[in-house]
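Participant: Just to be clear, the model below is a prediction. Sequence and coordinates:
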Amino acid sequence: MAQPPAIMVVGMAGSGKTTFMQRLNAHLHEKKEPPYIVNLDPAVKNVPFDRHIDIRDSVNYKQVMKQYVPSDPSVKVRGLPVVVRLANGIDQVIGILEKRAPTISRILVDTPGQIECFVWSASGAIVTDALASSFPTVLAYVIDTPRTTSTSTFMSNMLYACSILYKTKLPMIIVFNKTDVQDAAFAKEWMTDFEAFQAALRQEEEKEDGSNSGYMSSLMNSMSLMLDEFYNHLDVVSVSSMTGAGIDDFFKAVDSKVEEYKKDYLPELEKARKEREEKKKDDQNEQLDRLMSDMKMSGSTSRKPKKDVKISASEPEIDTLSDAADSDDELMEGDQDVEDNTNDGRMGDDSLVDRYERALHPDGRQDDVADESFMRYLNAPR
Ligand SMILES: Nc1nc2c(ncn2[C@@H]2O[C@H](COP(=O)(O)OP(=O)(O)OP(=O)(O)O)[C@@H](O)[C@H]2O)c(=O)[nH]1
């Protein structure tokens, strides 16, 4: 039976992610196609809809923050320890989702407001990879349209979306939200007509008191040229989470992105999984060979086990999301502190360490998940 699509809602703080989730939920309930809801935002105060899995049940946000946030005020990655906990518990989440899959139409995933922690940490990558390996996963990047009417805010939003697309390589839909307040026609035009964007830039330059320097507009000019290619990979919809306008269009866009996932992403994912399994088998055989030759060499002399090699009985077992991650000293890209997470023995075919390694070495990861549609584009000879 086909797996239900997972819609992962991302976007800057205040863009309306939670309200958008609430609208999607109401819409699907109305159609008698209730979704399965996962809240991965530990800091959200009120979740205005029933959720089936809620990270807040397992993570005491305030406590984690107290425990892990360094006193140095310059350290701004406050959401990071929570994302590490998510990564360590993601297999349980996937396990539950897989059990429920036959009875649900869609999975809706709300992500932490601190988007950079989620998208750019190794743990965030583990969460998205795990989800995308099990379900057709689509990213919905929510934009606060009324706050995007200036060329510079529009550009920074697009650059952010672009960087997320490059990082996750998952099919993405741009959702211009709050269109009850501000029509998104201007933004769609800027995305399809380069000259219209240039004209808006010029207009802003004339209006400005000089703060929008020539340097700034020339920078944005060049960036918009670069982004032109990126726009081709996106579906764009305008919605109002308040009124419900445009939600049908959004679900149509999801259907088309799911097809893209099946056509381009899934085969590559399966290929990568097979390669990993084969490599694992080779490694096991190699280890077995080594063990055999070791035994031959040692002959009849019995070896006493080294005292300090015993497996500590006090090592905490990972049973639930809440006691999952005590080794949270993470882990933006580049950190290597994964030794404590050697677990794994849970579901899935690789350990958390393997996954961290892949997440931390994007080049390796490209080999693994090479070629999905966006990758194909990236690697295509030009
Ligand atoms: N007018 C209007 N307001 C909206 C819409 N969607 C969201 N809002 C408002 O925007 C504000 C932020 O919405 P949230 O859903 O909390 O945004 P969020 O992205 O989840 O915020 P974080 O959890 O901080 O990242 C709230 O005041 C919402 O009522 C919309 O479609 N129209």
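Facilitator: On my side now, so go ahead. Numbering: from 1, shown residues only.

Participant: Could I get the buried residue list for the stretch of helix or strand Glu204 belongs to?
Facilitator: Remark: Glu204 resides in helix 194-207, with elements defined by DSSP states H and E. Of the residues in helix 194-207, those buried by neighbour count under the rule 16 or more other Cβ atoms under 10 Å are Phe197, Gln198, Ala200, Leu201, Glu204. Any C-beta I mention is one placed from the backbone N, CA and C, and that applies to glycine too.

Participant: Not counting its neighbours along the chain, what's nearest the second one?
Facilitator: Across the structure, with Cβ to Cβ, 6 or more residues apart in numbering as the measure, the residue nearest Gln198 apart from its sequence neighbours is Asn221 (6.7 Å).

Participant: can you check the third one too?
Facilitator: In space, Ala200 comes closest to Thr151 once its chain neighbours are excluded; the distance is 5.3 Å by Cβ to Cβ, 6+ apart.

Participant: Spit out the contact partners of that neighbour.
Facilitator: Counting by Cβ atoms under 8 Å, 6 or more residues apart in numbering, Thr151 makes contact with Trp190, Phe197, Ala200, Leu201, Glu204, Ser217, Met220.

Participant: okay, the second one: pLDDT?
Facilitator: In other words, Phe197. Each residue has a pLDDT score; the one for Phe197 is 89.

Participant: Do the helix or strand where Val236 lies and the ligand come into contact?
Facilitator: Using DSSP H and E, Val236 maps to strand 234-238. No - using Cβ under 6 Å from any ligand atom, strand 234-238 stays clear of the ligand, with a minimum separation of 10.1 Å.

Participant: and that strand, which strands flank it?
Facilitator: Each strand that pairs with strand 234-238, with its direction, by DSSP bridges: strand 172-177 (parallel).

Participant: following the strand it pairs with, which helix or strand shows up next?
Facilitator: helix 185-192.

Participant: ok, back up a step: which other helices and strands does the helix holding Glu204 contact?
Facilitator: Using 3 or more Cβ pairs under 8 Å, 6 or more residues apart in numbering; DSSP states H and E as the contact test, the elements touching helix 194-207 are helix 151-168, helix 185-192, helix 214-231.

Participant: export the ones you listed to CSV and tack on mean pLDDT?
Facilitator: Written out in CSV, the entries for those read as follows (pLDDT from 0 to 100):
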stretch, mean pLDDT
helix 151-168, 88
helix 185-192, 94
helix 214-231, 79
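
Participant: any chance of those in TSV, plus distance to the ligand?
Facilitator: Below are the helices and strands packed on helix 194-207 laid out as TSV (distance: least, Cβ to the nearest ligand atom, whole Å):
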stretch	distance to the ligand
helix 151-168	13
helix 185-192	15
helix 214-231	23
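
Participant: By residue count, what's the longest helix in the chain?
Facilitator: Counting by DSSP state H, the longest helix found in the chain is helix 266-298.

Participant: For the closest residue to the ligand within the stretch 251-382 of the chain, which non-adjacent residue is spatially closest?
Facilitator: Ranked by Cβ to the nearest ligand atom, the top residue of the stretch 251-382 of the chain for proximity to the ligand is Phe251, at 16.4 Å. The shortest distance from Phe251 to any residue that is not its chain neighbour, by Cβ to Cβ, 6+ apart, is 7.7 Å, and that residue is His27.

Participant: Now do the same contact list for the one you found.
Facilitator: Counting by Cβ under 8 Å, 6+ apart, His27 makes contact with Gly244, Ile247, Phe251.

Participant: so which helix or strand takes in it?
Facilitator: Under the criterion DSSP H and E, the helix or strand holding His27 is helix 17-30.

Participant: If you count neighbours, what's buried in that helix?
Facilitator: Buried residues in helix 17-30, defined by neighbour count with 16+ other Cβ under 10 Å: Lys17, Thr18, Thr19, Phe20, Met21, Gln22, Arg23, Leu24, Asn25, His27, Leu28.

Participant: Redo the residues you listed as CSV? Include pLDDT.
Facilitator: Conversion of the buried residues of helix 17-30 to CSV gives the following (pLDDT from 0 to 100):
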residue, pLDDT
Lys17, 90
Thr18, 87
Thr19, 92
Phe20, 95
Met21, 91
Gln22, 91
Arg23, 95
Leu24, 95
Asn25, 92
His27, 95
Leu28, 93
